[in-house]
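Okay, here's the prediction I keep looking at, along with the sequence it came from:
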Amino acid sequence: MTAPSAAPAALDGSHVLAVPHGTSLLDLARAWFPTAAWSREPATAAQAAAARPMTGARFRGIAVAPPDPAGVLSLDGVVEVVGPYAVGAAEARALALPAQDSDLYGLPAAPVAGATVHPGLVTGWATAVARRTGGGILPAARDRALVPDPAAVVDLTLWSAVPLRPDDALPLVRPALSGSRLAAPAPPAGGAPEGFALVARYEYDGEVEVRCAHSREVPVVLSTLDWREHGPWGYHVTWHPPDPLELEVPQPSQLHVIARQRVAPSIARAVATLWRTVGGTVVDAGGFVVPHEEVDARARPR
């Protein structure tokens, strides 16, 4: 998708992340970079208005540069994201970004000396944020716009402190994932829970796997929450489409999209049911917390 180079001049030479106006970028940053913080907070509307250069005959001929109202968000103490710069829906459309009131943020287009994070991680985070929020990215070259499909990834994981045995989990997920069955032998009766996998297969839609496993590594975003809100048991609900390669292409076939639309509500319903049983926190494939209200919304057929 071709994009004209009409972004604010202050962002020249930077990659640009566009998110819907009013999005809290700090919360999204801490999902991947827990120490992220504003080293300079963005000016409020009132502060920006108060800082405008004075006009009138008394000040004529005096050149005063207006202060930059943008903030500086430090991801790791070195790598900085600058913004927001607000643009209207028409301006966003002209940049080949989603046609909505947006906030633009500048990201480094080259490695930053002394940074503790790899540039690829920053780019991956920006792409995940764009997908999560329904935003987009303009590369520094301004030769195209990247607009990830928010509906492209339907997998969810519930992180809980409570393990279920497979014979308890199966009747919970079957109403949402019809035909679910145990994919591996269950542990001996009375034995300690060791995890399990359930699978539901569909003729045209591939299969959905529910895998419960204890993990020593959990998503970074969980470190920002109270420890009582999650646990080491991950209930991973994953869709395996008929053609897995279609997960990697920006414009999958219509058959893939239709299958995804049929499967996505079932995944959300299964996760919602598990959450009501064992509690915990739901995290999407991008590493961001998914509120329960959103899980319920996803569970409604479209």
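Structure's in. What do you need?

only C-alpha atoms for contact and neighbour calcs from this point on.
Will do.

in terms of contact, does residue 136 touch residue 20 like I think?
No. At 9.5 Å, residue 136 and residue 20 do not qualify as touching, with contact defined as CA atoms under 8 Å.

higher neighbour count, the two?
residue 136 (29 against 21; other CA atoms under 10 Å).

quick one: contacts for that one?
By CA atoms under 8 Å, 6 or more residues apart in numbering, the residues touching residue 136 are 17, 18, 19, 97, 98, 127, 130, 145, 146, 147, 148.

Relative to residue 10, how far out is the closest residue to it other than its chain neighbours?
Once flanking residues are discounted, residue 136 sits nearest to residue 147: 4.4 Å by CA to CA, 6 or more residues apart in numbering. Remark: distance between residue 147 and residue 10 (CA to CA, to the nearest Å) = 22 Å.

Looking at these two now, which is surrounded by more residues?
Taking other CA under 10 Å, residue 147 and residue 10 do not tie; residue 147 has more neighbours (20 against 13).

From residue 270, how far out is that one?
Using CA to CA, one obtains 29 Å as the distance from residue 147 to residue 270.

ok, now residue 38?
Counting by CA to CA, the gap from residue 38 to residue 270 is 38 Å.

So the two - more neighbours on which side?
residue 270 (21 against 16).

buried set for the strand or helix carrying the more buried one?
According to DSSP states H and E, residue 270 maps onto helix 254-278. Under the neighbour-count criterion of 16 or more other CA atoms under 10 Å, helix 254-278 has 256-257, 259-261, 263-275 buried.

quick check: mean pLDDT across the helix or strand that it is followed by?
Counting by DSSP H and E, the element after helix 254-278 in chain order, helix or strand, is strand 281-284. Strand 281-284 shows a mean pLDDT of 98.

And the helices in the stretch 1-150 of the chain, which stretches?
25-30, 45-50, 89-94, 119-133 (DSSP state H, counting those that start in this stretch).

Go through the ones you listed and name the closest to residue 252.
Checking the helices of the stretch 1-150 of the chain against residue 252 by CA to CA gives helix 119-133 as the closest, at 15.8 Å.

contact partners of that closest one?
Residues outside helix 119-133 that contact it (CA under 8 Å, 6+ apart): 17-20, 28-29, 32, 110-111, 135-137, 147-150, 286.

Give me the buried positions along that helix.
Residues of helix 119-133 classed as buried by neighbour count (16+ other CA under 10 Å): 119, 122, 123, 125, 126, 127, 128, 129, 130, 131, 132, 133.

Now distance to residue 172 and pLDDT too, for those residues, in a markdown table please.
Below are the buried residues of helix 119-133 laid out as a markdown table (distance: CA to CA, whole Å; pLDDT from 0 to 100):
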| residue | distance to residue 172 | pLDDT |
| --- | --- | --- |
| 119 | 42 | 90 |
| 122 | 38 | 96 |
| 123 | 38 | 95 |
| 125 | 34 | 97 |
| 126 | 36 | 98 |
| 127 | 34 | 97 |
| 128 | 31 | 97 |
| 129 | 32 | 98 |
| 130 | 33 | 98 |
| 131 | 30 | 97 |
| 132 | 28 | 97 |
| 133 | 31 | 98 |
